[in-house]
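Colleague: the following block contains a protein sequence and its predicted model.
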Amino acid sequence: MIRVAILGAGIGREHLLAYRRLPEKYQVLTVVDQNTARAEELRQNDTFAVAEDVMAALNDPDIDLVDICLPPHLHVPVCLNALEAGKHVICEKPLATSLEGAHLIAQAAKTSGKKVFPVFQYRWGPAFNQLRRLIAEDLAGKPQVASVETHWSRGADYYAVPWRGTWAGEQGGAVLGHAIHNHDLLTHFMGPVSRVAAMMTTRVNDIETEDCATISFEMQNGALASSSITLGAATNESRIRLVFEHLTATSGSEPYAPGTGTWIFTARDPAKQEAVDRIVSTTPVAPVGFEGFLTGVAQALRGVNGAAVTLAEGIASIELVTAMYSADRTATYVNLPLPDTHPMFKGWQP
């Protein structure tokens, strides 16, 4: 049994729902929030304690795993404190708000011998299980091109939370806080990025950070991809289209769990469509979203390789964000990996 402290009762609410569905793996002992009434509201038949002091949870010897669901600017310091306290860590996106911070987490994890799991729960869904099987059965072939749309609606009510839309609180805009999940899916299935070009702007809301962007990617394997981002759409929709050598995978429009929507998998050779359809129809049902993510974390803590999002993947996501902000501000292609001497290594905040 893995004993957990959830830090933050905002998105932590969604994490708690997933923990409840995995009672044989996890027990939530503490929920921490400065607004203890908000934490108390989460209680159903739970027996967890409610606290407003993060350090009280970190110093609790009964806690094995700290789940960080705090504003982005707190992720690095709290993660470092948790690792120093000898806890495993789950950290909501973004893992860090600079490459320097991400590397500090990696060093602390190595020193402590504890694991850090960045949150990318979008990876868990029926469509992605099907796509992984199609790739494993060699029915996809080489990645060719891809397009990703993160077209969501965010207005004054969303930005009424004081730290949102600010460089001090959120540390970034739509590229960092909204499209990061779809970019993770892009690299997960199409491979690491070798260079990016980007244009970003603020057109929708009266905020400091960007709420619209377009990004171009070249992958290390030669594939090309594009990402279109706005927080000014009429509705919340995400679309993903992944074109491989032998297969095209097209999503529906589900915004927050794209792997749960209806996908179309089309073989380029019609003679192979029957084999594709057979894989799609026979892929076993597996946990989705946060439940799938936490199932993977539990497996990883038992020593199962490849079950969970790795710290290296979380660091790669921060490196990609850094490259995108750099590409926008310099109006140039930015090559990856980025050196420690990169001008934005310590952060992309103005």
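Modeller: Structure received.

Colleague: tell me the domain boundaries of the protein?
Modeller: Per the TED database, the domain ranges recorded for the chain read 2-119, 142-244.

Colleague: residue farthest from the centroid of the protein?
Modeller: What lies farthest from the middle of the chain is A271; by Cα atoms, centre = their mean that is 36.5 Å.

Colleague: show me the contacts for R241.
Modeller: 146-148, 248-251 (Cβ atoms under 8 Å, 6 or more residues apart in numbering). No exception for glycine: its C-beta is placed from N, CA and C like everyone else's.

Colleague: rebuild those residues as JSON lines, extending it with distance to Q349 and pLDDT.
Modeller: Shown next, in JSON lines, are the contacts of R241 (distance: Cβ to Cβ, whole Å; pLDDT from 0 to 100):
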{"residue": "A146", "distance to Q349": "29", "pLDDT": "98"}
{"residue": "S147", "distance to Q349": "29", "pLDDT": "98"}
{"residue": "V148", "distance to Q349": "25", "pLDDT": "98"}
{"residue": "T248", "distance to Q349": "39", "pLDDT": "98"}
{"residue": "A249", "distance to Q349": "36", "pLDDT": "98"}
{"residue": "T250", "distance to Q349": "36", "pLDDT": "98"}
{"residue": "S251", "distance to Q349": "32", "pLDDT": "98"}
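
Colleague: got those residues as TSV, with distance to V280 columns?
Modeller: Shown next, in TSV, are those (distance: Cβ to Cβ, whole Å):
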residue	distance to V280
A146	19
S147	21
V148	21
T248	13
A249	10
T250	13
S251	14
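
Colleague: farthest-apart pair in those, please.
Modeller: V148 and T248 (14.4 Å; Cβ to Cβ).

Colleague: that older thread, for the residue farthest from the centre of the chain, give its distance to N305.
Modeller: In this structure, A271 and N305 are 36 Å apart, going by Cβ to Cβ, to the nearest Å.

Colleague: go on, L231?
Modeller: Following Cβ to Cβ, the distance that separates L231 from N305 is 37 Å.

Colleague: neighbour count winner among those two?
Modeller: Taking other Cβ atoms under 10 Å, L231 and N305 do not tie; L231 has more neighbours (29 against 8).

Colleague: H88 against V116, yeah?
Modeller: Yes: contact criterion Cβ atoms under 8 Å: H88 and V116 qualify, at 7.5 Å.
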